[in-house]
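>>> Here is a sequence together with a model predicted from it:
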Number of protein chains: 2
Amino acid sequence: MSGFVRANVAAMAGYVPGEQPKEGEAVKLNTNENPYRATEKAYDAIRAVADRGLSRYPNAVAQPFREVAAALYGVEPDWIMCGNGSDDVLTVLTRSFVGENELLRLPYPSYILYKSLAEIQGARSEEVRFDADWRLPEYFAQAPATEPNAPWRVNPLENVAADSLKLVYLPNPNSPSGTVLSVAEIEKIADSLSCPLVVDEAYADFAGFNCVELVKRKTNVAISRTMSKSYALAGLRFGFLIARPELIEQTLKVKDSYNCDGLSIAAATAALQDQDWLAETTKKIVATRERQTKRMRELGFVVPDSSANFTWNVWPDASVSHKELYEYLKRNGYLVRYMNYAGWGDGLRISVGTDEQTDACLALVERFLNGDR
Amino acid sequence: MSGFVRANVAAMAGYVPGEQPKEGEAVKLNTNENPYRATEKAYDAIRAVADRGLSRYPNAVAQPFREVAAALYGVEPDWIMCGNGSDDVLTVLTRSFVGENELLRLPYPSYILYKSLAEIQGARSEEVRFDADWRLPEYFAQAPATEPNAPWRVNPLENVAADSLKLVYLPNPNSPSGTVLSVAEIEKIADSLSCPLVVDEAYADFAGFNCVELVKRKTNVAISRTMSKSYALAGLRFGFLIARPELIEQTLKVKDSYNCDGLSIAAATAALQDQDWLAETTKKIVATRERQTKRMRELGFVVPDSSANFTWNVWPDASVSHKELYEYLKRNGYLVRYMNYAGWGDGLRISVGTDEQTDACLALVERFLNGDR
């Protein structure tokens, strides 16, 4: 039966789920989950739904969440589309904008999903390389062109029409780097593009600024958000899109009718209402992140300033193997993310844990550098 | 920004969520939800997850559910793909098999989502009309052909290549009719088709038979299931696909990485394990359905034998307006589904409620027929 599958799907590499050790087997600093427990108000909301029952279909547009989010961001509820995680939001956006053989643009290295979504659509993707300082070349905002030897080219394109570019993804803060472009830089990109620019703000709560005002001011900017990171609800699957109502109206046609379940709507709404919890938890994580950055630099790593809940750590020469350090940490019960980007290089992305977890991880890194391999 | 949307999406009719009255405002007999509360084991599982926390990502393939489902249906876990409701399963299947301008086939009238999924893909769909006895013409299993005047044609196709048919959906039991094709009839269809046949068994638990053995025997048959109807968990969003491992492997590339949340995986697994609850509840619903069918026939309606948790009710002539009866019931607190299929006709689809709900609804129908309009 696999012979019946579309050629673009058959050609994709098989999906490899991230490492998910069993509870208690390792300290997970590999997928940027929140080390703290979500607000109890979210869990209370879940228990209340369990008491009330789940025989009925949920609200099709997660209206209670839309209303709370709209008030928080100073828009109307029809500026919000809710998704089954922000992956669902990105899937719906890609299906809404990019047809077969059309072009989707993303920075490199960044979130690998954008490229996979293009592949599933049978679309083409164009990866534009960050420079060594994690800035983007002006080309990122320009019409697509065939320039195989340009320094920002990852995958040279052939026969690319100027109007084939249908969607641009820009994660801000970016992963794995944790770096940000400023709102002014993003506005400049949006001004030059003649297609939608989706700013993936999965980590924006850790950055202290966001592009919500750009969405209000520009007709081609949208923002995706997730409750997985700053709200500590990765297991819940809830994300949302902030965009102009005329776009939301289109995406509502593409999303599954009941894409958010009754439990996640209730819990996400309760979590969003607890901004005190968010402020307090984010403050703790940012403080730990700054200590982590400082210590890793003292130990000799190159670490870009992070605006997210993780840091990107690269040893300046070949004398330390990132892969070996990753394996050493794993053997000692600390799981971090080893990343190796073709044509770019490798490094370790380490999520910010509790102070205790992060300190223990940093101590292990130091022991490794001192020869305990 | 809506101007940037793909033409096939822009051309779609806006989404209209089904009527969802507030709790207690009406007895809902319009969306085939289960009138009973799901097994408490499912709710206990939800509470246990809330206690444990949701900071971490869920299992990417819902492995605990796969193992229970595999044991129940006599397959291996790699024959199961889990989805965020069976709508997600159908979305993933459509994206896996049907590219732009390719063809998807469905019976008419049946579940409207199949056609919407084709539209979102930019694909074409071919609706093949049931005959008056809710049987399908032989054409349903044949290569597509341009026969604008054939009696089963709903939407005549032009320039249709014999190899453009990529996927066929067959709901069994069907909605709105509640009728079934036998396993032997479906096997015959599968044998003739040179593309996958997806049997949508959303209501199969109410039918007393299913096509699981066909999946094992045929290389082009797959089954989609939902926990929304027979397991009374519409608010949870959990469905699954039973298919050969080589197909499952492909669909895992297309689904979102974490498409099922931690709560729904736990609750669906617990619900599936409670087969005693399923047998008992299904028995009650089937008994009520039989009484509902009998009574509606006594009152003068034409009602096909239903194998689902609803019945399809048509008055034999124009002396009774289905629309007026629908509105009368709604005014009196009973919400049923008024359906009007172009070129086919209208009728009322009435979900099976508790005995009390169904009796009260039947009494209202009788009062209406006796002139209380």
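Perfect, I can see it now.

>>> In three-state terms, how would residue A:268 be classified?
helix (DSSP: H, G, I helix; E, B strand; the rest coil).

>>> So what's the residue count around it?
A total of 29 residues lie near residue A:268 under the criterion other CB atoms under 10 Å in any protein chain shown. Just so you know, the C-beta spots here come from the backbone N, C-alpha and C atoms, and that holds for glycine as well.

>>> got a list of what it touches?
A:42, A:62, A:65, A:82, A:227, A:231, A:233, A:236, A:238, A:260 (CB atoms under 8 Å, 6 or more residues apart in numbering or on different chains).

>>> Quick check: chain neighbours aside, which residue is closest to it?
Excluding the flanking residues, the one nearest residue A:268 by CB to CB, 6 or more residues apart in numbering or on different chains is residue A:238, at 4.1 Å.

>>> Which residues are in contact with the one you found?
Taking CB under 8 Å, 6+ apart, one finds A:65, A:82-85, A:226-228, A:260, A:264-265, A:267-268 in contact with residue A:238.

>>> Return the closest of those with respect to residue A:340.
In terms of CB to CB, no member of the contacts of residue A:238 lies closer to residue A:340 than residue A:228, at 24.1 Å.

>>> Counting by contacts, list what the longest helix along chain A packs against.
Criterion DSSP state H: the longest helix present in chain A is helix A:275-299. Applying 3 or more CB pairs under 8 Å, 6 or more residues apart in numbering or on different chains; DSSP states H and E, one finds that helix A:275-299 contacts strand A:310-313, helix A:355-369.

>>> if you average pLDDT over it, what comes out?
The average pLDDT for helix A:275-299 rounds to 98.

>>> do stretch A:11-22 as well
Mean pLDDT, computed over stretch A:11-22, is 75.

>>> Now do the end-to-end distance for that stretch.
32 Å (CA to CA, to the nearest Å).

>>> Hmm, residue A:164 is touching residue A:102, no?
Yes: Residue A:164 is within contact range of residue A:102, at 5.5 Å (criterion: CB atoms under 8 Å).

>>> Pass me the low-pLDDT residue ranges in chain A, would you?
A:1-2, A:15-18, A:23 (pLDDT under 70).

>>> Just the helices from it, written as ranges.
Counting by DSSP H, the helices of chain A are A:7-10, A:40-52, A:63-73, A:86-97, A:113-121, A:183-192, A:212-217, A:245-254, A:262-273, A:275-299, A:322-331, A:355-369.

>>> does stretch A:40-55 come close to chain B?
Yes: Stretch A:40-55 lies within reach of chain B by CB under 8 Å from any CB of the partner chain, at A:42, A:43, A:46, A:47, A:49, A:50, A:51, A:52, A:53, A:54, A:55.

>>> Narrow those residues to just the buried residues.
Among the residues of stretch A:40-55 next to chain B, the ones that count as buried by 16 or more other CB atoms under 10 Å in any protein chain shown are A:42, A:43, A:46, A:47, A:49, A:50, A:53, A:54, A:55.

>>> OK, contacts around the most centrally placed residue in chain A?
Centroid check for chain A by CA atoms, centre = their mean gives residue A:202 as the closest residue, at 4.5 Å. Residues in contact with residue A:202, defined by CB under 8 Å, 6+ apart, are A:86, A:171, A:175, A:224, A:225, A:226, A:228, A:229.

>>> which one of the residues you listed is nearest chain B?
residue A:228 (7.4 Å; CB to the nearest CB).

>>> got the contact list for the closest residue to that closest one other than its chain neighbours?
Spatial nearest neighbour of residue A:228, chain neighbours left out: residue A:234 (3.9 Å); criterion: CB to CB, 6+ apart. Going by CB under 8 Å, 6+ apart, residue A:234 touches A:31, A:33, A:34, A:228, B:54, B:55, B:56, B:57, B:58, B:258.

>>> Adding distance to residue A:212, write those residues out as a markdown table.
Formatted as a markdown table, the contacts of residue A:234 follow (distance: CB to CB, whole Å):
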| residue | distance to residue A:212 |
| --- | --- |
| A:31 | 26 |
| A:33 | 24 |
| A:34 | 22 |
| A:228 | 19 |
| B:54 | 26 |
| B:55 | 26 |
| B:56 | 28 |
| B:57 | 26 |
| B:58 | 29 |
| B:258 | 26 |
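
>>> Most neighbours among these, which one is it?
Using other CB under 10 Å as the neighbour criterion, residue B:54 leads these with 31 neighbours.

>>> just checking, it touches residue B:263?
Yes: using CB under 8 Å, residue B:54 is in contact with residue B:263, at 7.4 Å.

>>> quick one: residue A:306 from residue B:87, how far?
Using CB to CB, to the nearest Å, we find residue A:306 at a distance of 38 Å from residue B:87.

>>> between those two, which one's more packed in?
More neighbours surround residue A:306 than the other of residue A:306 and residue B:87, with 27 against 24 (other CB under 10 Å).

>>> The more buried one: what's its closest spatial neighbour, skipping adjacent residues?
Residue nearest to residue A:306 in three dimensions, not counting chain neighbours: residue A:178, with 3.1 Å by CB to CB, 6+ apart.

>>> got it, and residue A:333?
Spatial nearest neighbour of residue A:333, excluding adjacent residues (CB to CB, 6+ apart): residue A:26 at 5.2 Å.

>>> what about stretch A:347-366, near chain B?
No: using CB under 8 Å from any CB, stretch A:347-366 never reaches chain B; the gap is at least 11.2 Å.

>>> I'd like the helices and strands packed on helix A:275-299 written out as CSV, with mean neighbour count added.
Formatted as CSV, these follow (neighbours: other CB atoms under 10 Å in any protein chain shown):
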stretch, mean neighbour count
strand A:310-313, 26
helix A:355-369, 17
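
>>> Can I get these in a markdown table including distance to residue B:299?
Shown next, in a markdown table, are the helices and strands packed on helix A:275-299 (distance: least, CB to CB, whole Å):
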| stretch | distance to residue B:299 |
| --- | --- |
| strand A:310-313 | 66 |
| helix A:355-369 | 68 |
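
>>> between the ones you listed, which one is nearest to residue B:117?
strand A:310-313 (36.7 Å).

>>> in its sheet, what does that closest one sit against?
Its sheet considered, strand A:310-313 pairs with strand A:345-351 (antiparallel) by DSSP bridges.

>>> For residue A:186, grab the count of nearby residues.
Neighbour count for residue A:186, taken as other CB under 10 Å: 21.
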